[in-house]
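Asks: Structure of the sequence below:
(one chain, ligands or ions: 2)
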Amino acid sequence: MSDAPDSITIRRPDDWHVHLRDGAMLQAVAQITARQFARAIVMPNLTPPVTTAAMAEEYRERILSALDFGTHFTPLMTAYLTDSTDPDDLAAGHASGALTAAKLYPANATTNSAHGVTDVAKLAPVLERMQDIGMVLCVHGEVTDAEIDIFDREAVFIDRHLSRIVKDFPELKVVFEHVTTEDAVQFVESAGENVGATITPQHLHINRNAMLVGGIRPHAYCLPVAKREQHRLALRKAATSGSAKFFLGTDSAPHAREAKESACGCAGIFNAPFALESYLQVFAEEDALEQFEGFASLHGPAFYGLPVNEGTITLEQVDHRVPDTFEAGGTELVPFHAGETLHWRLAE
Ligand code: NCD
Ligand code: ZN
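Replies: Residues are numbered from 1 along each chain as shown. Ligands and ions are numbered 1, 2, ... in the order given. The predicted model follows:
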């Protein structure tokens with residue numbers, strides 16, 4: 001690291017997978033994401049979920065009203081696919097700009113996914129239409145079958161569902177969201193150019209030991225759950241490889257501290273405050289600083305068929321301690337890396 005530069009300037013980045021929530025939590029977290037990113041793909045798993053173009057428009061307005069005056073941030077909206085999604089509504093929403101993508105959650109996969117799709121085969125008319133119009137399908141790639149071990153759910157999803165979707169809809173743009181396994185990396189690498197993946201900061205930093213060694217650590221728990229070290233290493237290699245198939249998606253998923261520190265704690269890591277710093281540290285450790293801009297700012301727009309952002313941001317090499325908590329609408333959020341020292345900082 002001795003010859004590493006002490007600052008790095010890249011084109012403004014985007015977050016291709018974030019949970020901004022609603023109400024008081026939205027008020028607390030929207031600006032935090034907007035400080036780091038120009039645009040974000042906003043996940044639709046509210047209660048009730050955002051399932052139509054009209055609901056996405058309303059949610060976008062609520063996000064924009066939660067931002068400080070003068071903030072330049074573009075929420076890119078997604079619709080939550082259900083067994084009764086109307087292909088015409090999706091297509092109209094895509095044409096009008098109300099919807100950028102649609103999200104496939106297998107039923108009961110994660111937070112608020114009780115309405116997800118129960119049988120992927122039923123989605124055929126929707127996927128056909130999305131393929132025709134070039135609308136991106138974002139996939140939470142985990143099976144939910146009770147008999148499948150939680151650490152195997154991503155790999156089994158590839159075999160049972162994703163390989164089939166990609167084969168049946170060969171032109172459909174598919175983002176395998178928050179990949180956590182070597183199996184997923186290999187699947188994406190061997191698929192066509194229309195198949196990409198997002199990678200979170202936590203899956204580049206932690207393996208499952210972080211959750212379970214020396215006591216159970218709810219703030220390291222998210223879905224898909226962190227896997228063994230071999231998988232973390234495969235993800236770091238993919239993210240820093242320069243391959244345009246892999247891009248930044250934080251999956252920042254805030255839950256109130258008391259909901260995380262509970263006998264049945266919620267899944268989700270709140271990484272929004274220092275997401276860029278967290279990712280950049282990985283690129284520095286892997287001696288791949290020159291690949292950071294592609295991952296953070298270029299590959300995502302290219303995949304989605306959107307222009308890259310105007311303007312740049314700069315990160316400086318400065319040690320700083322991540323706060324233990326963030327205040328959020330009368331409760332607290334514990335951020336990823338709480339209490340740790342990060343070595344890069346976004347310049348204001
Ligand atoms: C997400 C959430 O809380 O909304 N949780 C998580 O652990 N990632 C849901 C999700 O992205 O699947
Ligand atoms: Zn998510």
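Asks: Look up which helix or strand the nearest residue to Ala102 once chain neighbours are set aside falls in, please.
Replies: Excluding the flanking residues, the one nearest Ala102 by Cβ to Cβ, 6 or more residues apart in numbering is Ala79, at 4.7 Å. The C-beta positions use only the backbone N, C-alpha and C, and glycine is treated the same way. Element membership for Ala79 (DSSP states H and E) is strand 74-80.
Asks: So what touches the lengthiest strand in the chain?
Replies: When the chain is parsed with DSSP state E, its longest strand is strand 312-321. With contact meaning Cβ atoms under 8 Å, 6 or more residues apart in numbering, strand 312-321 is reached by 4-13, 276-277, 280, 339-347.
Asks: Repeat that for stretch 265-275.
Replies: By Cβ under 8 Å, 6+ apart, stretch 265-275 touches 15, 18-19, 29, 32-33, 36-37, 110-111, 200-202, 218-223, 225, 248, 250-255, 259-260, 278, 322-323, 326, 333-337, 342, 346.
Asks: let's see it at 7 Å
Replies: Here stretch 265-275 makes contact (Cβ atoms under 7 Å, 6 or more residues apart in numbering) with 19, 29, 32-33, 36, 110-111, 201-202, 218-219, 221-223, 250, 252-255, 259-260, 278, 322, 326, 333-337, 342.
Asks: how long is stretch 5-22 from one end to the other?
Replies: Start-to-end span of stretch 5-22 (Cα to Cα, to the nearest Å) is 40 Å.
Asks: average pLDDT across it?
Replies: Across stretch 5-22, pLDDT averages out at 97.
Asks: Check stretch 262-278 too.
Replies: For stretch 262-278, the per-residue pLDDT averages 98.
Asks: Show me which residues of that stretch are buried.
Replies: Neighbour counts over stretch 262-278 (16 or more other Cβ atoms under 10 Å) mark 265-278 as buried.
Asks: if we look at ligand 1, which of those are close to it?
Replies: 267-268 (Cβ under 6 Å from any ligand atom).
Asks: Farthest pair within the buried residues of stretch 262-278?
Replies: Gly265 and Leu276 (26.6 Å; Cβ to Cβ).
Asks: picking up where we left off before, JSON lines please, covering the buried residues of stretch 262-278 and showing secondary structure and distance to Glu128.
Replies: Shown next, in JSON lines, are those (DSSP: H, G, I helix; E, B strand; the rest coil; distance: Cβ to Cβ, whole Å):
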{"residue": "Gly265", "secondary structure": "coil", "distance to Glu128": "39"}
{"residue": "Cys266", "secondary structure": "coil", "distance to Glu128": "35"}
{"residue": "Ala267", "secondary structure": "coil", "distance to Glu128": "32"}
{"residue": "Gly268", "secondary structure": "coil", "distance to Glu128": "32"}
{"residue": "Ile269", "secondary structure": "strand", "distance to Glu128": "35"}
{"residue": "Phe270", "secondary structure": "strand", "distance to Glu128": "37"}
{"residue": "Asn271", "secondary structure": "coil", "distance to Glu128": "35"}
{"residue": "Ala272", "secondary structure": "helix", "distance to Glu128": "35"}
{"residue": "Pro273", "secondary structure": "helix", "distance to Glu128": "40"}
{"residue": "Phe274", "secondary structure": "helix", "distance to Glu128": "41"}
{"residue": "Ala275", "secondary structure": "helix", "distance to Glu128": "35"}
{"residue": "Leu276", "secondary structure": "helix", "distance to Glu128": "37"}
{"residue": "Glu277", "secondary structure": "helix", "distance to Glu128": "42"}
{"residue": "Ser278", "secondary structure": "helix", "distance to Glu128": "38"}
